[in-house]
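**Student:** I need the structure of the sequence given here:
(2 chains)
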Amino acid sequence: MTEAREHDALDAALGRLVRGESAQAPEGLDPLVQTARAAREAFATEVPDAVARAHIAALTGAATLERKRPRHRVAMVLIAAAITTLLLAGGAMAASAGALPGQLLYPVKRAVEKIDLAFHRDPASRARLHLEFAERRLNELTTLLELRKAGQSVDIGAAMSAYQSEISQVQSAVAEDPFGASLQALLSHVQDELAGHLAVLAQLRDSVVPQQARDAIQNAIDRAETARANALQRRVNGGQPADTPTSPPSSPGGRPSVNPGKSSTHH
Amino acid sequence: MEDLQDALDRAQAGDARGMADLYRAYSAQLLAYLATQVRRREDAEDLLGEVFLQAMRDVASFDGTVGGFRAWLYRIATNRAVDLARRNRRRPEEPLAIAIEQPGTADPAGEALGRVDRERLWRAVTALPEAQRQVVAMRLAGGLSAAEIAKAVGKPVGAVKALQHRALVNLTKALGGPYPGVPEGRLESREETRD
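**Tutor:** Now for the predicted structure:
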């Protein structure tokens, strides 16, 4: 069988497999079809209900906004949030504002944040939003640790992973617009906010007993410290990216340098 | 299919309920595809929402039938996934377990694959060269035909068929399965192969 015919024969067998028909494989191709069958079964998944509801509500809200074309993006986001709230029967979105990782409405909360981001195209706005979301992750961490003290079983790993992801997104957004007119102001804002985050994280780390949780918080501290140091270096360089990214503190258990001026992210 | 064409027509006329119907029809398969392209399940769910939001914004300019719409949707999804991977390039590697051990995810592979084999399969999929991974996932997770995939990735149908063949050979080898005529060697890595 020529190579092209073999490709055609395999494609035909895959077509039958995808349609749920008997996928009799031509001679020699059976192992590949078996792998394809196993992969197709392994890939199968479902969209969680809460996620699907949030997405559909966002689609409906976005369509309404497209027709109205309000002048201000903030207004658009507020209207989207209002519409989404109305559409989610029972006020699921409003209720999701206080949701914590692992809770049913948490995906709704994150989906609403994504809607917010969808209406902010310029890198500076996105960087500020990601900073805000990072602060929310810190608030979630604070609440989770309070729940832990009250005897509940909580997993702070997800909150810390999400926090680090937001900080990475801040850095990426800043890097997308290295010559923006407001870059210096943005870098200054990033630095100040991260200093506040570091203060909170250090406080939380020192209040936590289990080593695993301390390590997770320390990793977040390292990430925030690196991001803050890079922002500082870029300010010094007049906005030019640092030649070598600043490394996190070498001692995993060491205290980061923190700005004591901001001691809490609670609003 | 007629219902979906009607949904597309309504979406193009600005009726978000039409796009919501398309979401209900395609979201599970698209999420399955996205989960093979990013490491974290949460990222895949986020991207799913972004893909449909972009589709809602741009659907008025889409010129074609619902068959072409599905390929168009996967093109958006692929571009978004590639962008995300680019943004995350400096992030430390996330454990793959995060992507495959999500609560609420059914385990339909349980009968066909043991857990260990399933993990090996996922690791092998993530290790595939990007073009092979996209094509084989569109085919098996998304259920697209070779012609639809060709539209989505902008390659000739023959190239798509060759890519899916090579991808399945690599996956079979990674799972330890015999495949006559394939020289022994380790799995091609993303860096080694340009498709």
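
**Student:** Okay, helices next: where are they in chain B?
**Tutor:** Using DSSP state H, the helices assigned to chain B run over residues B:2-12, B:16-37, B:41-58, B:66-87, B:97-100, B:115-127, B:130-140, B:146-153, B:157-174.

**Student:** Let me see the contact set for A:Ala224.
**Tutor:** A:Ile167, A:Leu194, A:His197, A:Leu198, A:Leu201, A:Pro256 (C-beta atoms under 8 Å, 6 or more residues apart in numbering or on different chains). Using the backbone N, CA and C atoms, a C-beta is placed for each residue, glycine as well.

**Student:** Spit out the contact partners of the first one.
**Tutor:** With contact set as C-beta under 8 Å, 6+ apart, A:Ile167 has these partners: A:His130, A:Ala134, A:Leu194, A:Ala220, A:Arg223, A:Ala224, A:Ala227.

**Student:** correct me, but B:Leu47 touches B:Ala81?
**Tutor:** Yes. Using C-beta atoms under 8 Å, B:Leu47 is in contact with B:Ala81, at 6.2 Å.

**Student:** intersection of neighbour lists for these two?
**Tutor:** B:Leu34, B:Val38.

**Student:** which intervals of the stretch 51-200 of chain A have sub-threshold pLDDT?
**Tutor:** By pLDDT under 70, the weakly predicted segments of the stretch 51-200 of chain A are A:61-97, A:177-181.

**Student:** What parts of it come near chain B?
**Tutor:** A:51-52, A:54-56, A:58-60, A:62-64, A:66-67, A:107, A:110-111, A:114-115, A:118, A:161-162, A:164-165, A:168-169, A:171-172 (C-beta under 8 Å from any C-beta of the partner chain).

**Student:** Any figure for the gap between the most centrally placed residue in chain B and B:Asp117?
**Tutor:** Centroid check for chain B by C-alpha atoms, centre = their mean gives B:Tyr33 as the closest residue, at 2.7 Å. Noted for B:Tyr33: a distance of 21 Å to B:Asp117, by C-beta to C-beta, to the nearest Å.

**Student:** likewise A:Ala9?
**Tutor:** 26 Å.

**Student:** ok, now B:Gln5?
**Tutor:** Taken as C-beta to C-beta, the span from B:Gln5 to B:Asp117 is 40 Å.

**Student:** How about B:Asp63?
**Tutor:** 44 Å.

**Student:** Compare those two (neighbour count), which wins?
**Tutor:** The neighbour comparison of B:Asp63 against B:Asp117 (other C-beta atoms under 10 Å in any protein chain shown) goes to B:Asp117, with 15 against 8.

**Student:** pLDDT score for the residue nearest to the more buried one when sequence neighbours are not counted?
**Tutor:** Spatial nearest neighbour of B:Asp117, excluding adjacent residues (C-beta to C-beta, 6 or more residues apart in numbering or on different chains): B:Leu175 at 6.4 Å. Note on B:Leu175: pLDDT of 82.

**Student:** again with the one 5 residues further on
**Tutor:** Each residue has a pLDDT score; the one for B:Pro180 is 40.

**Student:** Flag every buried residue along stretch A:38-57.
**Tutor:** Residues A:38-45, A:47-48, A:50-57 are the ones in stretch A:38-57 that count as buried (16 or more other C-beta atoms under 10 Å in any protein chain shown).

**Student:** err, stretch A:196-216, not the other one
**Tutor:** By neighbour count with 16+ other C-beta under 10 Å, stretch A:196-216 contains the buried residues A:196-205, A:208, A:213-216.

**Student:** now do stretch B:40-57
**Tutor:** Quick answer for stretch B:40-57 (16+ other C-beta under 10 Å): B:40-56.

**Student:** Of these, which ones also sit close to chain A?
**Tutor:** Among the buried residues of stretch B:40-57, chain A is touched by B:Glu42, B:Glu45, B:Asp46, B:Leu48, B:Gly49, B:Glu50, B:Phe52, B:Leu53, B:Met56 when using C-beta under 8 Å from any C-beta.
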